[in-house]
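Asks: Based on what follows, work out the 3D shape:
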Amino acid sequence: MSESAGETSYDLVIIGAGPTGLFAAYYAGFRGLSMAVVDSLPEAGGQVTAMYPEKMIYDVGGFAEIRGRDLVQGLLDQAAPWKPAYLLGRKAEKLESVEDGITITLDGGQALRAGAVLITAGIGEFTPRPLPAGNGWLGRGMVHFVPALRAHAGQHVVVVGGGDSAFDWVLALHPVAASVTLVHRRAKFRAAESIVRQARELGVRIVTDAEVTRFLDRDGALAEVEIQVKGAEAAEVLPADSVVAALGFTADLGPIESWGLKIDHRAIAVDSTMATPRERVYAAGDVAAYPGKVKLIATGFGEAATAVNNIAVLLDPDAHLFPGHSSNAE
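Replies: Numbers count the residues shown, from 1 in each chain. A predicted model of the protein is given here:
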């Protein structure tokens, strides 16, 4: 990493802090490259952190099962010795080719200079679907996902939504919160029947055909929410120290679509080295596409290693493509 003329320079800038991007950060460090990791979400982990941090994952090599948040933490720990620069809650807006490199401009105008760029953006930038009554309450009692369950210990929590993510939060928060209530505007759920049944068996209160219509504060802090149940004459008030608005996310590639890449159905075409048609720009993980692609976390790990090793040779033609086995490293 180096600083010059208002730019921060790295060997590699990784766009996307999901599992593939985090493993790429480790592998870049293993190959002796400096790197920055950019992600529009405020927490590392991408889709795993945003949608299922408390779920068990069963198809990661070497683990019979591993909780989503534990996988993310393990990847962060794995990369930590090489000190990646994490630029979270930031969007990569422009990508320009310059002599011997790439310039990436972030929202706010910060410029990053890179020898190469690796896009690991998954299915794209997540935008939470809004809860109209919660306008102005984000970060003041309302959240869209829960990176740390302990932050809600002893709280009265209202979860809004009817999909898998909503019920995942209900099941995860139930052991630590003072109470958990789920509010859904329909009588039917998009969530799997098995997790709905688990919530009912735990005695979680589930209010259907209902909407949160107002947030109520006490001394400036969220204290209650008002809900309106279809057919009821009067609104009901629930205690609420926090509200989890789990209404789902929309995803798109955003500015990446204007970077001169070959994109089809939110996926970037790559070759066997994970290179895109644009010089010095690579892609890996769910965002990368080639014939026979299987979208798994395990696949993304292999693609990250392939991309980084080819980038290492791009940046130093005297380097070997195969770096040797990590077990031989001292």
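
Asks: and the residue located most distally from the centre of the chain, backbone torsions?
Replies: Centroid-distance maximum for the chain: E233 at 41.0 Å, with C-alpha atoms, centre = their mean. Backbone geometry at E233, expressed as degrees, to the nearest 10, gives phi -70, psi -40.

Asks: Just the element for V237, please.
Replies: strand 236-239 (DSSP states H and E).

Asks: following that strand, which helix or strand comes up?
Replies: Toward the C-terminus from strand 236-239 - assigned by DSSP H and E - lies strand 242-245.

Asks: which residues touch that following strand?
Replies: Residues from elsewhere that reach strand 242-245, judged by C-beta atoms under 8 Å, 6 or more residues apart in numbering: 128-131, 134, 137, 141-146, 152, 155-161, 166, 169, 173, 212, 215, 222, 225. Using the backbone N, CA and C atoms, a C-beta is placed for each residue, glycine as well.

Asks: ok, back up a step: could you list every helix and strand in contact with the strand holding V237?
Replies: Helices and strands touching strand 236-239, by 3 or more C-beta pairs under 8 Å, 6 or more residues apart in numbering; DSSP states H and E, are strand 156-160, strand 179-183, strand 221-229.

Asks: ok, the residue farthest from the centre of the chain - contacts?
Replies: No contacts exist for E233 under C-beta under 8 Å, 6+ apart.

Asks: Tell me the buried residues within the contacts of strand 242-245.
Replies: 128, 131, 134, 137, 141-146, 152, 155-161, 166, 169, 173, 212, 215, 222, 225 (16 or more other C-beta atoms under 10 Å).

Asks: Leaving out the residues flanking it, which one is nearest to the residue most central in space within the chain?
Replies: Nearest to the geometric centre of the chain sits G46, at 1.6 Å (C-alpha atoms, centre = their mean). Counting by C-beta to C-beta, 6 or more residues apart in numbering, G46 lies nearest to G18, which is 2.5 Å off, once chain neighbours are set aside.

Asks: Also V38?
Replies: That would be L87: by C-beta to C-beta, 6+ apart, it lies 4.7 Å from V38.

Asks: following whatever helix or strand that neighbour lives in, which helix or strand shows up next?
Replies: For L87, the element it lies in under DSSP H and E is strand 85-88. From strand 85-88 onward toward the C-terminus, using DSSP H and E, the following helix or strand is strand 92-98.

Asks: what's that next one packed up against?
Replies: Short answer (3+ C-beta pairs under 8 Å, 6+ apart): strand 92-98 packs on strand 101-106.

Asks: continuing past the strand it packs on, what's the next helix or strand?
Replies: strand 111-119.

Asks: quick one: T276 and I263 touch, right?
Replies: No - counting by C-beta atoms under 8 Å, T276 does not reach I263; the two are 9.3 Å apart.

Asks: Comparing these two, which residue is more hemmed in?
Replies: Just comparing T276 and I263: by other C-beta atoms under 10 Å the higher neighbour count belongs to T276, 21 against 18.

Asks: Could you check the pLDDT of the closest residue to the more buried one other than its chain neighbours?
Replies: Nearest non-adjacent residue to T276, counting by C-beta to C-beta, 6+ apart: L261, 5.1 Å away. Listed pLDDT for L261 reads 96.

Asks: Equivalent analysis for S4, please.
Replies: For S4, the predicted pLDDT is 50.

Asks: One more: K55?
Replies: You'll see K55 listed with a pLDDT of 81.

Asks: Can you name the residues that contact it?
Replies: R67, G68, D168 are the contacts of K55 under C-beta under 8 Å, 6+ apart.

Asks: List the ones among those residues that fall in helices.
Replies: Within those, residues falling in helices by DSSP state H are G68, D168.

Asks: Closest one of the contacts of K55 to F322?
Replies: G68 (31.5 Å; C-beta to C-beta).

Asks: just checking, that closest one touches G45?
Replies: Yes - counting by C-beta under 8 Å, G45 is a contact partner of G68 at 7.4 Å.
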